[in-house]
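Student: A structural model of the following input is requested.
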Amino acid sequence: MPSYEHRVVKIEGFEIACNLTSFVGNSLRMFNKRSALLVRITTASGFVGWGETWAFPAAASSFIKSVLAPDILGADATSPRAVQARLLGRIIPDRRGQGHMAISAVDIALWDALGQITKKPIYALLGGQMRDRVKAYASGPFLQAGEDRYAGFEQEVERFVNAGFRAVKLRVGTTLARDTWAIRKARSIVGADALLMADMNEGSTVREAVRLAHIVEDASLSWLEEPIPHDDLPGYKRLAELLPLALAGGESFCGVQSFRDVMCAGALDVVQPDLAICGGLTEAMRVSGFADAFGTMVAPHVWGTGINFLASLQFSSVLTPRFGSVPSPLFEYDMGYNPLRSAIYDPQPDRDGMLTIPDGPGLGIEVKVEGLSEYITDHWTLE
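Tutor: Residues are numbered from 1 along each chain as shown. Have a look, this model is predicted:
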């Protein structure tokens with residue numbers, strides 16, 4: 001029987017946000033603000049764990065306080081899987097939505113707390129690392145809000161290369177001519193040996209995506225990401241049959257069942273669980289196990305703050321390697337302006353384009369909320 005000292009006695013929520021200097025975005029959405037919810041749990045003995053969800057911070061706060069709190073307060077922080085199972089039992093009518101997002105923050109925090117208690121990094125708690133470095137790809141640039149959606153594009157891609165990245169994922173999804181120009185221009189900048197991917201952010205159609213893929217076949221894209229809405233399974237099945245390159249997606253999926261459906265249908269070559277959305281580390285490990293059974297590559301989607309970034313590094317450390325021309329896993333490094341990440345953790349790739357996975361307890365480094373003080377818009381506590 002676990003001792004009382006490992007019971008959760010306090011839950012805190014920090015809603016944070018920062019303004020951007022201009023509107024930026026992708027094929028469908030423009031934004032000028034980043035936001036997230038950070039969750040901090042504290043045990044009776046004073047151990048702390050941090051977690052995150054970023055899609056709907058205020059809604060996640062409300063969900064935790066009104067629905068999940070009774071199963072969090074008093075829970076055993078050394079048993080994150082058991083706690084997650086109880087929380088999933090509370091959200092049966094919402095198996096693929098806000099409930100999973102709120103649980104994601106709590107689950108990551110529990111794994112971090114367990115790491116602090118045991119003085120081990122999360123990767124050790126998940127069975128031990130497969131690697132101590134992971135190949136990172138620069139994710140960007142954002143599309144611009146003005147008439148020229150690719151304004152500053154060349155300079156940004158050059159910045160990624162100069163920063164040490166040997167892999168880049170572009171945002172495309174404007175017009176066929178401009179997307180073709182951007183992909184070919186990026187290839188000329190990154191060089192023939194670098195990895196190059198393109199993300200359409202759900203802003204295209206099956207036929208348009210296939211046409212673009214064939215036109216830029218000479219650019220040797222490693223994958224095309226989310227050309228159509230993420231929940232259009234019939235469309236992804238058609239794309240998987242028609243595209244001359246790998247198809248990636250899954251960043252918006254909640255729960256292993258969503259990933260099960262696309263993998264059983266053979267509709268994705270690369271699945272991209274976001275730990276802050278899909279149900280946390282516990283759920284992501286289920287996804288990776290399912291991917292192992294199907295021989296599917298896992299490349300975590302990494303957005304939000306430094307908490308999700310650190311948790312995703314720990315997750316990447318234990319993923320099964322895949323054979324083929326694309327290194328597996330690959331780690332997404334969002335290159336947009338983001339003090340919500342850099343105030344917590346701001347690593348740079350080494351000369352091989354790799355990131356070192358931190359080996360401290362829990363998330364790997366000590367998280368200090370002081371660096372985020374100017375971005376906190378709401379702070380709540382449950383005890």
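Student: any weak-confidence spans in this protein?
Tutor: 1-3 (pLDDT under 70).
Student: the top strand by length along it: how far from the chain's middle?
Tutor: In terms of residue count, the longest strand belonging to the chain (DSSP state E) is strand 8-25. Per C-alpha atoms, centre = their mean, to the nearest Å, the displacement of strand 8-25 from the mean C-alpha position of its chain is 16 Å.
Student: okay, buried residues for it please.
Tutor: Within strand 8-25, the residues that qualify as buried are 8-9, 11-16, 18, 24-25, counting by 16 or more other C-beta atoms under 10 Å. All C-beta atoms are positioned from the backbone trio N, CA, C, and that covers glycine.
Student: try stretch 114-125
Tutor: For stretch 114-125, by 16+ other C-beta under 10 Å, it's 114-117, 121-125.
Student: check those and tell me the two furthest apart.
Tutor: 117 and 123 (15.8 Å; C-beta to C-beta).
Student: circling back to that earlier point, quick check: what element follows the longest strand of the chain along the chain?
Tutor: If you walk from strand 8-25 toward the C-terminus, the next helix or strand you reach (DSSP states H and E) is strand 30-43.
Student: distance of the nearest residue to residue 308 once chain neighbours are set aside from residue 311?
Tutor: Nearest non-adjacent residue to residue 308, counting by C-beta to C-beta, 6 or more residues apart in numbering: residue 276, 4.4 Å away. Taking C-beta to C-beta, to the nearest Å as the measure, residue 276 falls 8 Å from residue 311.
Student: name the residues contacting each of the two.
Tutor: 52, 108 (C-beta atoms under 8 Å, 6 or more residues apart in numbering).
Student: would you put the C-alpha positions of the helix or strand residue 123 falls within in CSV?
Tutor: With secondary structure defined by DSSP H and E, residue 123 is part of helix 122-125. The C-alpha trace of helix 122-125 is given here as CSV (Å, rounded to 0.1, in the frame of the first residue of the first chain):
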residue,chain,number,x,y,z
ILE,A,122,10.8,9.6,-17.5
TYR,A,123,12.5,7.5,-20.2
ALA,A,124,13.9,5.3,-17.4
LEU,A,125,10.4,4.8,-16.0
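Student: could you say what helices and strands that helix packs with?
Tutor: Applying 3 or more C-beta pairs under 8 Å, 6 or more residues apart in numbering; DSSP states H and E, one finds that helix 122-125 contacts helix 98-118, helix 306-318.
Student: where do the strands sit along this protein?
Tutor: Using DSSP E, strands in the chain cover 8-25, 30-43, 48-53, 133-139, 143-144, 167-171, 195-199, 223-225, 246-249, 270-271, 297-298, 330-334, 354-356, 376-382.
Student: quick one on the thing from earlier: of the helices and strands packed on helix 122-125, which is nearest residue 198?
Tutor: helix 306-318 (21.1 Å).
Student: mind giving me the packing neighbours of the closest one?
Tutor: Partner elements for helix 306-318 (3+ C-beta pairs under 8 Å, 6+ apart): strand 48-53, helix 98-118, helix 122-125, strand 133-139, helix 275-278, helix 280-294, strand 330-334, helix 339-342.
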